[in-house]
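Undergrad: my questions are about this predicted structure, shown below with the sequence.
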Amino acid sequence: MNKHTWVKKAIIVSLSASVGFGTLLAAGPVGQAEAAVSSSYSTAKKVVNYGKQFMGTPYKFGASTSTTRVFDCSSLMKHIFKKYGVYLPRTSSAQSKVGTYVSKSNLRTGDLVFFSSGSRSTGKNVTHVGVYIGSGKFLHTYGKPGVMVSSLTSGHWSKTYVKARRVL
């Protein structure tokens, strides 16, 4: 093998190794992160769609977590997330401490959204929870008509919003 042929082969092997290594890197953590986001989005859509099946189910403060005939806000979240393997604490206040913080501007479908509303509210403490469904809306239960979809960007809930947490 002459020197010219040997140099050509060395360059080809070197380039092939570089391209192959670059492909391995691309399929590494970045590819895994994209797969994780896609998987959590799919689960989030399932959680939301399952929750929507309870639209109109009556609200009852302190509702048992062993029934689907009535819900309060936190028992609804506990129930719909449990179906997909996410076990939440019983109260909205305790639920507001699990997962990771998410800014309002970075909300994704499936994020828990928390409010300070009602007679026990101080404006800073968490007294209510719902699940973000996208397009500035969230699923929750509060008074009549029971389980419903409300706007997060206007009205009462925009004024009483406290924070959000990502559990998926």
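TA: Received the coordinates, thanks. Numbering: from 1, shown residues only.

Undergrad: so Ile80 is in contact with Gly130, correct?
TA: No. Shown here, Ile80 and Gly130 do not form a contact pair, counting by C-beta atoms under 8 Å, at 10.7 Å. C-beta here means a position set from N, CA and C on the backbone, and glycine is covered the same way.

Undergrad: so what's Phe54 up against?
TA: Phe54 sits next to Thr68, Phe71, Leu76, Ile80, Thr141, Val147 when contact means C-beta atoms under 8 Å, 6 or more residues apart in numbering.

Undergrad: just say helix, strand or coil for the third one.
TA: When you say that, I think you mean Leu76. With DSSP: H, G, I helix; E, B strand; the rest coil as the basis, the three-state label of Leu76 is helix.

Undergrad: for it, list the residues it contacts.
TA: Gly51, Phe54, His140, Thr141, Val147.

Undergrad: looks to me like the third one is in a helix.
TA: No. Assigned with three-state DSSP, His140 falls outside any helix and is strand.

Undergrad: residues near it, how many?
TA: When neighbours are counted by other C-beta atoms under 10 Å, His140 registers 27.

Undergrad: wait, it sits on Met148?
TA: Yes. Applying C-beta under 8 Å as the test, His140 and Met148 come out as touching, 7.0 Å apart.

Undergrad: give the buried subset of the contacts of Phe54 as a PyMOL selection command.
TA: The PyMOL command for the buried members of the contacts of Phe54 (criterion: 16 or more other C-beta atoms under 10 Å) is given here:
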select buried, resi 71+76+80+141+147
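
Undergrad: between the contacts of Phe54, which is nearest Tyr41?
TA: Set against Tyr41, the nearest of the contacts of Phe54 by C-beta to C-beta is Ile80 (16.0 Å).

Undergrad: now name the helix or strand holding that closest one.
TA: Per DSSP states H and E, Ile80 falls inside helix 73-82.

Undergrad: what about Ala164, which SS state?
TA: Classified using three-state DSSP, Ala164 is strand.
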